[in-house]
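# Need the 3D shape of this:
(one chain, ligands or ions: 1)
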Amino acid sequence: MTTRVLVARHVYPEVVARLAEHFEVEANEAPVDWSQPELIRRLQGKQGVFVAGTEPIDATLLDACPDLRAVCSMAVGYNNIDVPACTARGVQVTNAPDVLTETTADFGFALMMATARRIAESEHYLRAGHWQRWAYDLFAGADVHGATLGIFGMGRIGQAIARRGALGFGMPVIYHNRSRLAPEVEAPLGARWVDKADLLRQADHLILVVPYSPASHHAIGAAELALMKPTATLTNIARGGVVDDAALAQALAERRIAGAGLDVFEGEPQVHPGLLAATNVVLTPHIASATAATRRRMAMLAADNLIAVLGGAAPLTPVNAPSRSG
Ligand code: DGY
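Just a heads-up that it's a prediction; the model follows:
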């Protein structure tokens, strides 16, 4: 029987070509998002789907696509996929961890530095023709070296950021995570576990890397922002929804924290108007993992997972363990 897959997102032609060596492939050839009814229509008679962190794969879609056996994502975060619903229907889910860790950590660090040193804000000022003279306090920001780095979510990416801070910038590192790291993992990072309130109170630069789930929804809201130092910065490379964007926009407007660097937003690609209006925030369009090499690796991993699962082999990077097998 021919195995059919849908590539639901416009992606590198070589990834589609690799899949076409194994399957009959229908691919999204244009940078457009398919609606859920469109996805369901195109998934009829297909056993596998290639997605990113954007296509909602829920019980409605799964029930309407009974042939589906594999949902393989090129993203590491999979909050767009109802994993228990997939598991209950014997659908294998895979994601793309590891291949993006260092690239994403680079970006988190860059966004934190751009925020602390007010790089975007000063660039806009210069481009607008406002620069008339040198001044002692012109865009005076906050030091990064030696400042306390706070990390909320200490998985692979959090640890890669900690390494950069501790080894490259002499930053004391504190973190909060549901589970504490083993001492032999903490030691080389000089990382210290603290409770969430202490993380918020002590960090000079706080970076969010926690996965999104109902438990982390609005983990940073008005009450949490109120605990932060007025000189502190907040960087979010986790997911929109981890931060209450309305509360953050208000805190930035009232200068209750010094600044924020945001790569992810609630309801993206829409951005809260209060964030767009703020000058003390650096905004980027969900690009933390976006280097050409890394995005290729992420997409190729999703393709390799589809090839493995639909070929009856073990998935390379499984998210769940459904009982029905290929
Ligand atoms: C990821 O891989 O989860 C990135 O945020 C891209 O969606």
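# how much distance is there from stretch 26-45 to the middle of the chain?
Offset of stretch 26-45 from its chain centre (Cα atoms, centre = their mean, to the nearest Å): 23 Å.
# What are the buried residues along it?
26-28, 34, 39-40, 42-43 (16 or more other Cβ atoms under 10 Å). For the C-beta atoms, the positions are set from N, CA and C on the backbone; glycine is no exception.
# Could you do stretch 6-23 as well?
Applying a neighbour-count criterion of 16+ other Cβ under 10 Å, the buried positions in stretch 6-23 are 6-9, 11, 15-16, 18-19, 23.
# So what's the residue count around the nearest residue to A120 once chain neighbours are set aside?
Leaving aside its sequence neighbours, A120 sits nearest to V282 (Cβ to Cβ, 6 or more residues apart in numbering; 4.4 Å). Residue crowding around V282 was assessed by other Cβ atoms under 10 Å; the count is 22.
# do the same with the one 4 residues further on
Using other Cβ under 10 Å, the number of residues around H286 comes to 17.
# ok, the residue sitting nearest the centre point of the chain - contacts?
In the chain, the centroid-proximal residue (Cα atoms, centre = their mean) is A238; its distance is 4.2 Å. Counting by Cβ atoms under 8 Å, 6 or more residues apart in numbering, A238 makes contact with 152-153, 208-212, 216, 264.
# List only those of those residues flagged as buried.
The buried subset of the contacts of A238 (16+ other Cβ under 10 Å) comprises 152-153, 208-210, 212, 216, 264.
# could those be laid out in a markdown table, adding pLDDT and secondary structure?
Converted to a markdown table, the buried ones among the contacts of A238 look like this (pLDDT from 0 to 100; DSSP: H, G, I helix; E, B strand; the rest coil):
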| residue | pLDDT | secondary structure |
| --- | --- | --- |
| F152 | 98 | strand |
| G153 | 97 | coil |
| L208 | 98 | strand |
| V209 | 98 | coil |
| V210 | 97 | coil |
| Y212 | 96 | coil |
| S216 | 97 | helix |
| V264 | 98 | coil |
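# ok, back up a step: can you list which of the buried residues of stretch 6-23 are found in strands?
Secondary structure from DSSP state E places 6-7 of these in strands.
# Could you export the buried residues of stretch 6-23 as JSON lines, including pLDDT and distance to T231?
Formatted as JSON lines, the buried residues of stretch 6-23 follow (pLDDT from 0 to 100; distance: Cβ to Cβ, whole Å):
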{"residue": "L6", "pLDDT": "98", "distance to T231": "49"}
{"residue": "V7", "pLDDT": "98", "distance to T231": "47"}
{"residue": "A8", "pLDDT": "98", "distance to T231": "44"}
{"residue": "R9", "pLDDT": "96", "distance to T231": "41"}
{"residue": "V11", "pLDDT": "97", "distance to T231": "42"}
{"residue": "V15", "pLDDT": "98", "distance to T231": "45"}
{"residue": "V16", "pLDDT": "98", "distance to T231": "49"}
{"residue": "R18", "pLDDT": "98", "distance to T231": "49"}
{"residue": "L19", "pLDDT": "98", "distance to T231": "50"}
{"residue": "F23", "pLDDT": "98", "distance to T231": "54"}
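# ok, of the buried residues of stretch 6-23, which one's closest to the ligand?
Taking Cβ to the nearest ligand atom as the measure, the ligand lies nearest R9 of the buried residues of stretch 6-23, at 10.5 Å.
# Once you drop chain neighbours, what's closest to that closest one?
R9 sits nearest to A52 (Cβ to Cβ, 6+ apart), 4.8 Å away.
# Burial check on the one you found, number of neighbours?
Residues near A52, counting by other Cβ under 10 Å: 19.
# That one contacts A75, doesn't it?
Yes - assessed by Cβ atoms under 8 Å, A52 is found in contact with A75 at 5.3 Å.
# And the helices in the stretch 201-326 of the chain?
222-227, 245-253, 273-277, 292-310 (DSSP state H, counting those that start in this stretch).
# can I get the buried residues of stretch 6-23 in a markdown table with distance to the ligand?
Below are these laid out as a markdown table (distance: Cβ to the nearest ligand atom, whole Å):
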| residue | distance to the ligand |
| --- | --- |
| L6 | 19 |
| V7 | 16 |
| A8 | 14 |
| R9 | 11 |
| V11 | 13 |
| V15 | 15 |
| V16 | 19 |
| R18 | 19 |
| L19 | 19 |
| F23 | 23 |
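# As TSV, the buried residues of stretch 6-23 with distance to T317 would be great.
Shown next, in TSV, are the buried residues of stretch 6-23 (distance: Cβ to Cβ, whole Å):
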residue	distance to T317
L6	20
V7	18
A8	18
R9	18
V11	17
V15	16
V16	20
R18	16
L19	17
F23	19
